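Undergrad: the following comprises the amino acid sequence and a computationally predicted model.
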Amino acid sequence: MPRMQTSQAGRAVPSYGGFWIRFSAAMWDTIIFGVPSVALSFTLMFATGIQSISYFVSLAFLILTIYMDGVLGGTPGKLMLGLRIRNENGRFIGIPYAILRYLGKIVSTIIIGIGYLMIAWDKRKQGLHDKIAGTFVLKEPGVERKALTVIGIVLGFLLPILIILGIILFMVN
């Protein structure tokens, strides 16, 4: 059951995962899924000489992401920060809604990330992809991982800088 806060009227209200903790979870997912995905893609491309094999690796990680969102309630980043994707009834969303939510993420990205920024000001902390799929990201009771959240946020700002520096150093040599 999602962590509940008590309103002034004495009713229990869910505790939604806001923008920064979800940003942190996305950064952890980049490390947990992204790094192995890129490494596996390059390894298979060099081993086979077939560049398009990287599409199969991407597809495998996409399927894993949809499965984890639908059946387990989130990808590793969300799970380790105590977040769970739920529907209006508080249940896991299942594969069909996880697919719909993922398609919503594509739309959120196409509109220059505004769909993600909606999380910051929405009353129930829903991004466009959540609204499309009718989902919510809720904090699980008793799980406070502030250090991991802060580290994820810092990584979110450092990773792009490190990547750009790596590209510059690669191009110079």
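TA: Good, I have the coordinates.

Undergrad: can we go C-alpha only for contacts and neighbour counts from here?
TA: OK.

Undergrad: only the buried residues of the longest helix along the chain, if you could.
TA: Under DSSP state H, the helix in the chain containing the largest number of residues is helix 146-172. Buried positions in helix 146-172, judged by neighbour count with 16 or more other C-alpha atoms under 10 Å: 148-149, 152-153, 155-156.

Undergrad: give me the most central residue, the protein.
TA: residue 26 (4.0 Å; C-alpha atoms, centre = their mean).

Undergrad: apart from its chain neighbours, what residue comes closest to that one?
TA: residue 77 (6.2 Å; C-alpha to C-alpha, 6 or more residues apart in numbering).

Undergrad: how many other residues sit next to residue 123?
TA: For residue 123, the neighbour count with other C-alpha atoms under 10 Å is 10.

Undergrad: give me the three-state assignment for it.
TA: Using DSSP: H, G, I helix; E, B strand; the rest coil, the structure places residue 123 in coil.

Undergrad: based on its surroundings, how many neighbours for the residue nearest to residue 26?
TA: Neighbours around residue 77, by other C-alpha under 10 Å: 25.

Undergrad: counting contacts, what elements does whatever helix or strand it lives in pack onto?
TA: Residue 77 is part of helix 76-80, with elements assigned from DSSP states H and E. Helix 76-80 is packed against helix 19-29, with contacts defined by 3 or more C-alpha pairs under 8 Å, 6 or more residues apart in numbering; DSSP states H and E.
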